[in-house]
Each structure stands twice: as C-alpha cells, then as structure tokens.
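Engineer: Predicted model and sequence below, questions to follow.
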Amino acid sequence: MTNAEWRDPAGRWFEDFTTGDVVLTRGRTVDVGDLTVFAGLTGDHYPLHTDQQYTEQTQFKSRIAHGPLTFALAVGLVGMSGFYGDAIVALLGVDGLRARKPVLPGDTIRVRGTVIAAEKGNSGRTGAITVAYSVLNQREEEVMYFEQKMLAKCRTEEFQS
C-alpha cells in the first residue's frame, strides 16, 4: 500500500499493515535555528552543531545537524503523514540506526518508510509492526537509516468501542 491508497488512515489497525507497504513523506528543510533549538533542549552544545567558526576547520566546513535531531525529524515526518493513523499503542524499539551522511543547514530531508515485518501478538489484541526508515536528502542520498518497531492495536471488540 502506498500513500495514495490510504482510505481512512485514522481508522487503521494492525491488520491494515502488510510487509512491503511504503510511505513517502513530504520534505522538511533543516535550518540553523533547528540546530540551536535542539542544542538548547538537549544541552548538546557540541561545537560541530553550534559554532560556525569551529566547523570551518572541520571536514564539513559547516555546522551539521545532531544525529538525534535527524532521527526525531524523520519520526515526526512519518507521524505527520498519517501512515500509522491511530493504530500505534507504543514504541517497542529502534534497531540499526546509522548516520550515513551529515545533514547540513539548508538540506531538505524526507523519509521513505517500508514495512519490513508485521507480527501478530499472542493475545490477539496487538501486533508488532517494524518499519525501515530511509532518510533522504534533496539529492536522494540516504543520510540516516533505522528500523522502528511499534506495538499496534488489532481489530478486537475491546479496541473498537
């Protein structure tokens, strides 16, 4: 299933996700303000993210986005797409996170998410959905990759009320 095939994303359930389903998000341009705000929120004021003069002496020649900022933006982009609807109950884990290329101020990132596993739980009330997130810049280069596993509610009488 692709973005164009979602009928009522708010009414999605575990059973509506199939291995191979793909979500393509809109783009989001990262700017210096994002780096500054993230540094303030997290206390991560490492000069590679906050000091332009320092970064001019590095291989990047520019500030770069914090890896966790890129991760958070990717999760938010998929969330805003409506792909999960209201099916998700909880985050179970994140595996294989790799920062492949730096994200620079001015870069526009988007996500191609692919369902790589959907496993129904023993209780029949929930299932686990694993989605591979490929975060791409405006040049279609993969800047980050990770697999996010989430708990989703199944179509049971308990959840349909």
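Structural biologist: Ah, there it is.
Engineer: now the strands: where do they sit in the chain?
Structural biologist: Counting by DSSP state E, the chain has strands at residues 22-24, 28-29, 88-99, 108-120, 126-136, 142-153.
Engineer: any idea which of the ones you listed is most buried?
Structural biologist: When the strands of the chain are scored by mean count of other C-beta atoms under 10 Å, the highest mean neighbour count falls to strand 126-136 (a mean of 21). For glycine as for every other residue, the C-beta is placed from the backbone atoms N, C-alpha and C.
Engineer: lowest-confidence helix or strand of the protein?
Structural biologist: helix 157-160 (a mean of 50; mean pLDDT, DSSP states H and E).
Engineer: I'd like the distance between Gly93 and Gln53.
Structural biologist: The gap separating Gly93 from Gln53 is 39 Å, by C-beta to C-beta, to the nearest Å.
Engineer: for this protein, longest helix please?
Structural biologist: Counting by DSSP state H, the longest helix found in the chain is helix 67-81.
Engineer: Show me what it is packed up against.
Structural biologist: With contacts taken as 3 or more C-beta pairs under 8 Å, 6 or more residues apart in numbering; DSSP states H and E, helix 67-81 sits against helix 32-42, strand 88-99, strand 108-120, strand 126-136, strand 142-153.
Engineer: Measure how that helix sits relative to strand 88-99, angle-wise.
Structural biologist: The directions of helix 67-81 and strand 88-99 differ by 140 degrees, with axes from the mean of the first three to the mean of the last three C-alpha atoms, to 10 degrees as the criterion.
Engineer: starting at the chain centroid, how far to helix 67-81?
Structural biologist: In terms of C-alpha atoms, centre = their mean, to the nearest Å, the gap separating the centre of helix 67-81 from the centre of its chain is 4 Å.
Engineer: Name the residues that touch that helix?
Structural biologist: 3, 23, 25-26, 28, 30, 34-35, 38, 42, 44, 84, 94, 97, 99, 103, 109-111, 113, 131, 133, 135, 143-144, 146, 148 (C-beta atoms under 8 Å, 6 or more residues apart in numbering).
Engineer: Go again with 7 Å.
Structural biologist: Helix 67-81 has contacts (C-beta atoms under 7 Å, 6 or more residues apart in numbering) with 23, 25-26, 28, 34, 38, 97, 99, 103, 109-111, 113, 133, 135, 143-144, 146.
Engineer: thinking again about what came up before, tabulate the strands of the chain (a markdown table), appending mean pLDDT and distance to Phe71.
Structural biologist: Shown next, in a markdown table, are the strands of the chain (pLDDT from 0 to 100; distance: least, C-beta to C-beta, whole Å):
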| stretch | mean pLDDT | distance to Phe71 |
| --- | --- | --- |
| strand 22-24 | 97 | 16 |
| strand 28-29 | 98 | 13 |
| strand 88-99 | 97 | 7 |
| strand 108-120 | 97 | 11 |
| strand 126-136 | 97 | 8 |
| strand 142-153 | 98 | 7 |
